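>>> 3D model of this:
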Amino acid sequence: MKCNQVRLNCGTTIPVVGFGTYSWQNDRDKTEEAIQMALKVGYRHFDTAKIYGSEPAVGNALGEAILDGVVEREDIFVTSKLWGSDHHDPVSGLKQTLQNLGMEYVDMYLVHWPVKLKPWAVNPVPNEDDFQKLDLETTWSGMEKCLDLGLCRGIGVSNFSSRKIQRLLDFASVAPAVNQVEMHPTWRQTKLREFCGDHNIHVSAYSPLGGPGNSWGSTAVVDNPIIQAIALKHNATPAQAALRWGLSKGASVIVKSFNEERMKENMRALDLRLDDHDLRNIEKMEEWKIMRGDFLVNETTSPYKSLEELWDDEI
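Predicted coordinates:
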C-alpha cells in the first residue's frame, strides 16, 4: 500500500501517514524491528527527534533497508527536531542528528518547542535553572542556515500557537513548511488549522489517537462513544475513524505502534471515508488537550509563567 502524499510550501512532498518512533523505554532493537516492519507495511515517513533517543535506531534501520534495496533514500521522508539545548546553534544540532542517523540530510527539521535551554540541558524534563530567554530570530536564522547548507530539505516548527507563528513570519526569510502539533477528535485545533491554512503551512498531527500507550497519553479518543459509533457504522476500528478525521482536515498523522497488525490497521485509515454527519458529530465532542507542556512552565525561570502563555490562550 503506497501512502498518499501532500506537497509542502518548500516544494517537497510529505506522506500523510507517518510512523512515530518516540518510545519512552527506547529499546533500540525493538525500534529497528518496528521500522523494518513499518517499511514492509508501506510507511515512508519516519518521525524522530534528538530528545527521543531513537535517531540511531531510525538511521540504522533505514540505512539497512536502503542498502538491501527495500527502498531508496528519495522514497522516504525523515523528520527530526531541534531540542531546546541546541537553539544557540541549530546547525551543530542538526549535524549531530545527521551523525546519529548516518544520513546526509533530513527531509524536515522542526523546532521542537518554542523554548530555549542551556546547551547542557538535554533531559526531556528541564530543571528550573535550565531555561534561557527565547530568541526566536536567532534560532530561526540558524534553521534557515541548515536549509542553505543542504542539511535538510525543509524547516518547520512544532508545538507553536498561531501567535508564535505570526511572530516568526514577521521576520522569517523562509516560512515554516510544517507545524507539528497535538491534534485528534478531542483536540481539534480549529483556530490553528485555519491560521496555518491561510499561510500555506502544513499541519502534522502527533498523538492523533490521543497518545494511548504513552505515559502521558489517554485512551479517551478511541473510547469515545461518538468515535466508536462512527467506526461501527463504517465497519472500521475506532483508531481508523479518529485517524480519518485528521486526514479529512488536510493534516498528516504521525501514528506510533510497534505492533504489526496495528500498523496495518492504522494505514488502512486511508481507505475510509467519513460523511458530513460523522464530521458534524465529531465537532460536538468535548475538547481536552492531553500534552499540555506543564514541564515547560514555571513562575521563575521559564519565559512561560502559565500554560496560557505557552499556548497563547489556545488551550
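>>> Glu299: neighbour count?
9 (other C-beta atoms under 10 Å). (Each C-beta comes from the backbone N, C-alpha and C, glycine too.)
>>> I'd say it and Glu128 touch.
No. Counting by C-beta atoms under 8 Å, Glu299 stays clear of Glu128, with 9.7 Å between them.
>>> Quick one: the helices in the stretch 1-150 of the chain, in order.
For the stretch 1-150 of the chain, helices defined by DSSP state H, counting those that start in this stretch occupy the ranges 28-41, 55-67, 90-101, 136-148.
>>> nearest to Val221, of those helices?
Using C-beta to C-beta as the measure, helix 28-41 is the one of those that comes nearest Val221, at 21.5 Å.
>>> coming back round to it: out of the helices of the stretch 1-150 of the chain, which comes closest to His184?
Closest approach to His184 among the helices of the stretch 1-150 of the chain (C-beta to C-beta): helix 28-41, 20.5 Å.
>>> Okay, buried residues for that closest one please.
Using 16 or more other C-beta atoms under 10 Å as the test for burial, helix 28-41 gives Thr31, Glu32, Ala34, Ile35, Met37, Ala38, Leu39, Val41.
>>> So the fourth one sits against Glu64, correct?
No. Contact criterion C-beta under 8 Å: Ile35 and Glu64 do not qualify, at 9.3 Å.
>>> Columns distance to Ala251 and mean pLDDT on top of the helices of the stretch 1-150 of the chain, output as TSV?
Shown next, in TSV, are those (distance: least, C-beta to C-beta, whole Å; pLDDT from 0 to 100):
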stretch	distance to Ala251	mean pLDDT
helix 28-41	19	92
helix 55-67	22	95
helix 90-101	24	97
helix 136-148	22	97
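>>> tell me the contacts of Lys95?
Leu151 (C-beta atoms under 8 Å, 6 or more residues apart in numbering).
>>> Can you give me the separation between it and Ala231?
45 Å (C-beta to C-beta, to the nearest Å).
>>> all strands of the chain, in order?
5-7, 13-15, 17-20, 45-47, 77-82, 108-111, 116-117, 131-132, 155-158, 178-182, 202-206, 252-255 (DSSP state E).
>>> Mind putting the ones you listed into CSV with distance to Met263?
Formatted as CSV, the strands of the chain follow (distance: least, C-beta to C-beta, whole Å):
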stretch, distance to Met263
strand 5-7, 18
strand 13-15, 14
strand 17-20, 8
strand 45-47, 12
strand 77-82, 17
strand 108-111, 21
strand 116-117, 34
strand 131-132, 38
strand 155-158, 23
strand 178-182, 20
strand 202-206, 17
strand 252-255, 8
